[in-house]
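Participant: Pasting the sequence and the predicted coordinates here, then a few questions.
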Amino acid sequence: MCSSTAVTEQRFSTTTIEFPYTRTLGPVYSAFLTGLRDQKIVGITSRDGKVLCPPTEWDPQTGEALELDFVEVGPGGVVETWAWVTEPTRKHPLDHPFAFALVRLDGADSALLHAVDAGSIDAMHTGMRVTPRWRDERIGYITDLEAFVPEGSA
Amino acid sequence: MSDASQDVVDPNAPVVGMDYFMSLHFKEIICPVVRRYADALRDGKLIGHRCPKCGLVYAPPRGYCPIDVIETTDADEVQLADHGFITNYTVVTPVAYYGQEATEPFAKVSVQLDEPGGALSLQDVLEIGADEVRVGMRVEAVWAPESERNVDEIGNRSWGSAEGCIRGWRPTGEPDVAADQMSDKAF
């Protein structure tokens, strides 16, 4: 579609499209994020008595609505599986290499996807114990829990 | 994300909402025909392409005529007038949505350029209030001083944009153009 004008120097344009909005959380995510703000990790009890963290509004087995039966879990947990991110993008939770991991918190039967700031891929292994590193300023976001770190390193 | 903290009046109240900030950031190569337009603007000139088939003038040049579906090239380039008349306008009454910097009503106008033609849309009008803008009003470009011109905002889809070089258009005071002289000028 462009004409064949001789190209002397390449030029770029950069564009940022932004779309901000606010989402209503509902009782379950509200409890979870209120918990994070208060430095607590909250799960919910499912119909068969298991503890789900992150909490869900519906029973994963039956699809039925769950009672608002919240349970505090963690703060420590176990890495169930992980993937190392060597080159974080600007949208990633950390600006240096880290792991995305499924962390099963103590007292929970399901796992939470979050970042593990282990410093090096060599420090990562399935089954390792991790503990949260909280932000000083917490506002009710998943990032209030900045990352998990290997237990004993915090 | 830090905006959310300002919404929370009671720091101990339950968190009931979550601000999402969706953003898409991308970089693209500027198409040669747009670069040429931008370079001309920096030199204080408006350029366009005249379709060799239908004769309509496209400003800025697009590199093709969407009516005849043919390519246009540097051979079809024409230098345009920096004066013309307002063919239509919209008065925007700003609401304080995210990113809106304006607080007072303002007009965005389309300017039909004098011969050889071409039309620029979404232009600012200077020296008069938004309520004084009218169709047919004759206007001329107010160029930024050469040292202050920039083409940073001109991208592949910013057709009609000249903001960094032309500050806006001011009424010349000449008699208005009659409605019957406005048709068949532009796509």
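Facilitator: Sure thing, it's come through. Only a predicted model underlies this, so the values are computations on that prediction, with no experimental measurement involved.
Participant: Have a look at chain B and report its longest strand.
Facilitator: Among the elements of type strand in chain B, defined by DSSP state E, the one spanning the most residues is strand B:17-29.
Participant: Residue A:89 belongs to a strand?
Facilitator: No. Secondary structure of residue A:89 (DSSP: H, G, I helix; E, B strand; the rest coil): coil, not part of a strand.
Participant: and stretch B:70-83, anywhere near chain A?
Facilitator: Yes. Judged by C-beta under 8 Å from any C-beta of the partner chain, stretch B:70-83 comes into contact with chain A through B:71-74. C-beta: built from backbone N, CA, C; applies to glycine.
Participant: Any chance of JSON lines for these, columns distance to residue B:84 and secondary structure?
Facilitator: Written out in JSON lines, the entries for these read as follows (distance: C-beta to C-beta, whole Å; DSSP: H, G, I helix; E, B strand; the rest coil):
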{"residue": "B:71", "distance to residue B:84": "26", "secondary structure": "strand"}
{"residue": "B:72", "distance to residue B:84": "21", "secondary structure": "coil"}
{"residue": "B:73", "distance to residue B:84": "25", "secondary structure": "coil"}
{"residue": "B:74", "distance to residue B:84": "24", "secondary structure": "helix"}
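Participant: Would you mind measuring from the most centrally placed residue in chain A to residue A:145?
Facilitator: Closest to where the C-alpha atoms of chain A average out (C-alpha atoms, centre = their mean) is residue A:114, at 3.4 Å. From residue A:114 over to residue A:145 the distance is 7 Å, taken as C-beta to C-beta, to the nearest Å.
Participant: how about the strands in the chain?
Facilitator: In the absence of a named chain, this looks at chain A. With DSSP E as the criterion, chain A has strands spanning A:12-24, A:41-45, A:51-52, A:70-73, A:77-85, A:98-105, A:112-116, A:129-134, A:145-150.
Participant: Actually, chain B is the one I wanted.
Facilitator: Listed in chain order, the strands of chain B (DSSP E) span B:17-29, B:46-50, B:57-58, B:64-65, B:70-71, B:77-80, B:83-92, B:106-113, B:119-124, B:138-143, B:166-171.
Participant: Output the lowest-mean-pLDDT helix or strand in chain A in PDB, but only the C-alpha positions, please.
Facilitator: Of all regular secondary-structure elements in chain A, judged by mean pLDDT, DSSP states H and E, the least confident is strand A:12-24 with a mean of 86. As requested, C-alpha coordinates have been extracted for strand A:12-24 and formatted as PDB (Å, rounded to 0.1, in the frame of the first residue of the first chain):
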ATOM      1  CA  PHE A  12       9.100   4.100  13.900                       C
ATOM      2  CA  SER A  13       6.000   5.100  15.600                       C
ATOM      3  CA  THR A  14       5.100   3.800  19.000                       C
ATOM      4  CA  THR A  15       1.500   3.500  20.200                       C
ATOM      5  CA  THR A  16      -0.100   2.800  23.600                       C
ATOM      6  CA  ILE A  17      -3.700   2.000  23.700                       C
ATOM      7  CA  GLU A  18      -5.100   2.200  27.200                       C
ATOM      8  CA  PHE A  19      -8.400   0.900  28.600                       C
ATOM      9  CA  PRO A  20      -8.900   1.300  32.300                       C
ATOM     10  CA  TYR A  21     -12.000   0.000  34.100                       C
ATOM     11  CA  THR A  22     -13.100  -1.300  37.500                       C
ATOM     12  CA  ARG A  23     -14.500  -4.700  38.100                       C
ATOM     13  CA  THR A  24     -16.800  -5.600  40.900                       C
END
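Participant: Might you calculate how far that strand sits from the centre of the chain?
Facilitator: Mean C-alpha position of strand A:12-24 versus that of the full chain (C-alpha atoms, centre = their mean, to the nearest Å) differs by 22 Å.
Participant: Just give the strands next to it in its sheet, each with its orientation.
Facilitator: When sheet partners are counted by DSSP bridges, strand A:12-24 sits next to strand B:17-29 (antiparallel).
Participant: Rounded mean pLDDT for the partner strand, please.
Facilitator: Model confidence over strand B:17-29, given as mean pLDDT, is 88.
Participant: close enough to count as contact, residue B:110 and residue B:124?
Facilitator: No. Contact between residue B:110 and residue B:124 fails when scored by C-beta atoms under 8 Å: they sit 11.8 Å apart.
Participant: who has more neighbours, the two?
Facilitator: Between residue B:110 and residue B:124, counting by other C-beta atoms under 10 Å in any protein chain shown, residue B:110 is the more crowded of the two (19 against 16).
Participant: List the residues that contact the nearest residue to residue A:104 once chain neighbours are set aside.
Facilitator: Ranked by C-beta to C-beta, 6 or more residues apart in numbering or on different chains and with sequence neighbours excluded, the top spatial neighbour of residue A:104 is residue A:111, at 4.4 Å. Residue A:111 is in contact with A:53, A:80, A:102-104, counting by C-beta atoms under 8 Å, 6 or more residues apart in numbering or on different chains.
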